[in-house]
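Chemist: Predicted model follows, preceded by the sequence.
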Amino acid sequence: MNDAAATSLLLRPEDVPPVREFNAAGRSPFLLTCDHYGRLIPHGLGDLGLPESELTRHIAWDIGIAGVAEALSKHLNAHLIVQRYSRLVIDCNRPPDVASSIPRISEATTIPGNEGISRKAALLRRAQIFDPYHRRIGEIIDQRGSAAMPTVLVSLHSFTPVYAGIARPWHIGTLYNRDTHLPPLLLQLLRAEGDLVVGDNEPYAVSDDTDYTIPVHGEARGLMNTGIEIRQDLISDQAGEIAWAERLARILGEIETMLRSQQLLSA
Ligand SMILES: [Zn+2]
């Protein structure tokens with residue numbers, strides 16, 4: 001992008017806002033986030049130099065997770081906040097100062113629209129997409145705290161069944177780092193389902209260098225938290241999305257009961 005384009009606003013009137021919320025009055029202690037919900041690209045960035053076939057696959061977004069997240073929000077009566085632009089524009093689960101924040105390459109695909117991006121253009125993507133999303137998550141957590149509502153952060157993702165030629169056996173994975181309460185309960189209940197290959201920090205683990213939502217909104221604020229990753233071929237149609245939302249709603253409901261009985265759910 002040249003400087004003239006970079007100094008104009010990235011999001012124009014025809015572009016939708018990055019943040020969308022569902023069930024904002026939901027009373028569940030679970031606050032659901034979806035960093036890779038959408039695959040929109042601001043009109044001013046065109047197609048980032050990529051064919052449609054690249055812009056619809058997993059490098060652009062978390063396939064299937066939107067349907068799961070919306071249905072789960074309904075089942076749990078939980079507030080869900082999502083980010084609608086593609087992670088190829090800016091990854092909302094990466095610290096904005098790391099190279100993969102605005103990826104020049106993803107899996108084996110070069111992203112022409114991100115090559116040689118100026119600092120100014122990168123800052124604009126951050127200011128107009130990344131910052132509003134994370135600012136809003138922070139506000140929601142603040143408001144819940146002021147209202148004496150407990151918050152347990154659940155960050156929803158999906159993963160591709162084959163990455164760089166390697167097949168992944170897990171149906172679902174928990175992702176965590178510092179929380180010692182929620183992830184063990186989730187692992188225990190997922191394994192008790194009996195029909196699942198459950199990843200314990202697989203296919204990814206959470207770290208301060210590779211993640212943003214959990215370290216910043218969960219760990220730094222002392223909230224119980226976990227990431228959940230579902231394999232994309234299991235949620236590639238509406239039936240799969242609904243089935244997984246129902247299963248997770250049942251399991252998270254059981255976890256809520258357990259946390260309440262241990263008096264771990266106070267604001
Ligand atoms: Zn994701």
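Modeler: Cool, got the structure. Remember, it's a predicted structure, so these values are computed and weren't measured experimentally.
Chemist: Contacts only, for residue 162.
Modeler: Neighbouring residues of residue 162 by CB atoms under 8 Å, 6 or more residues apart in numbering: residue 168. For glycine as for every other residue, the C-beta is placed from the backbone atoms N, C-alpha and C.
Chemist: Show me the beta-bridge partners of it.
Modeler: residue 167 (DSSP bridges).
Chemist: Find the nearest non-adjacent residue to residue 178, please.
Modeler: residue 219 (4.8 Å; CB to CB, 6 or more residues apart in numbering).
Chemist: cool, residue 81 as well?
Modeler: In space, residue 81 is closest to residue 21, 5.1 Å off (CB to CB, 6+ apart).
Chemist: so the one you found touches residue 80, yeah?
Modeler: Yes: using CB atoms under 8 Å, residue 21 is in contact with residue 80, at 6.8 Å.
Chemist: Of the two, give the one with the bigger neighbour count.
Modeler: Between residue 21 and residue 80, counting by other CB atoms under 10 Å, residue 80 is the more crowded of the two (27 against 13).
Chemist: element containing the residue nearest to the more buried one when sequence neighbours are not counted?
Modeler: Nearest non-adjacent residue to residue 80, counting by CB to CB, 6+ apart: residue 73, 3.8 Å away. Taking DSSP states H and E as the definition, residue 73 sits inside helix 65-76.
Chemist: helices and strands around the next helix or strand after that helix, which ones?
Modeler: The element immediately downstream of helix 65-76 (helix or strand, assigned by DSSP H and E) is strand 80-83. Secondary-structure packing of strand 80-83 (3 or more CB pairs under 8 Å, 6 or more residues apart in numbering; DSSP states H and E): strand 19-22, strand 30-34, helix 65-76, helix 131-146.
Chemist: Give the other helices and strands that the first one contacts.
Modeler: What it means is strand 19-22. Applying 3+ CB pairs under 8 Å, 6+ apart, one finds that strand 19-22 makes contact with helix 65-76, strand 80-83, helix 131-146.
Chemist: Give me the distance from the helix or strand following the longest one to the chain's centre.
Modeler: This points to helix 131-146. Once the chain leaves helix 131-146, the next helix or strand it forms, by DSSP H and E, is strand 152-159. Chain-centre distance of strand 152-159: 6 Å, with CA atoms, centre = their mean, to the nearest Å.
Chemist: Strand 152-159 packs against which elements?
Modeler: strand 30-34, helix 65-76, strand 172-175, strand 224-231.
Chemist: Find the one among the helices and strands packed on strand 80-83 with the highest mean neighbour count.
Modeler: Neighbour counts (mean count of other CB atoms under 10 Å) averaged over each of those peak at strand 30-34, with a mean of 27.
Chemist: what about that one, near the ion?
Modeler: No: if you take CB under 5 Å from the ion as the test, strand 30-34 misses the ion, and the best it gets is 8.0 Å.
Chemist: Skip ahead from that strand and say which helix or strand is next.
Modeler: By DSSP H and E, the next helix or strand past strand 30-34 is helix 52-55.
Chemist: what about the residue of the stretch 101-250 of the chain found nearest the ion, how many residues close to it?
Modeler: Here the stretch 101-250 of the chain gets closest to the ion at one residue, residue 157, 3.3 Å apart by CB to the ion. Close neighbours of residue 157, defined as other CB under 10 Å, add up to 22.
Chemist: Please give me every residue in contact with it.
Modeler: Counted by CB under 8 Å, 6+ apart, residue 157 has contacts 34, 35, 36, 62, 65, 93, 175, 227, 228, 229, 230.
Chemist: Dump those residues into JSON lines; add pLDDT and distance to residue 240 as well.
Modeler: Listed next are those as JSON lines, based on pLDDT from 0 to 100; distance: CB to CB, whole Å:
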{"residue": "34", "pLDDT": "98", "distance to residue 240": "17"}
{"residue": "35", "pLDDT": "98", "distance to residue 240": "21"}
{"residue": "36", "pLDDT": "98", "distance to residue 240": "17"}
{"residue": "62", "pLDDT": "98", "distance to residue 240": "14"}
{"residue": "65", "pLDDT": "98", "distance to residue 240": "11"}
{"residue": "93", "pLDDT": "98", "distance to residue 240": "23"}
{"residue": "175", "pLDDT": "97", "distance to residue 240": "20"}
{"residue": "227", "pLDDT": "98", "distance to residue 240": "20"}
{"residue": "228", "pLDDT": "98", "distance to residue 240": "15"}
{"residue": "229", "pLDDT": "98", "distance to residue 240": "15"}
{"residue": "230", "pLDDT": "98", "distance to residue 240": "9"}
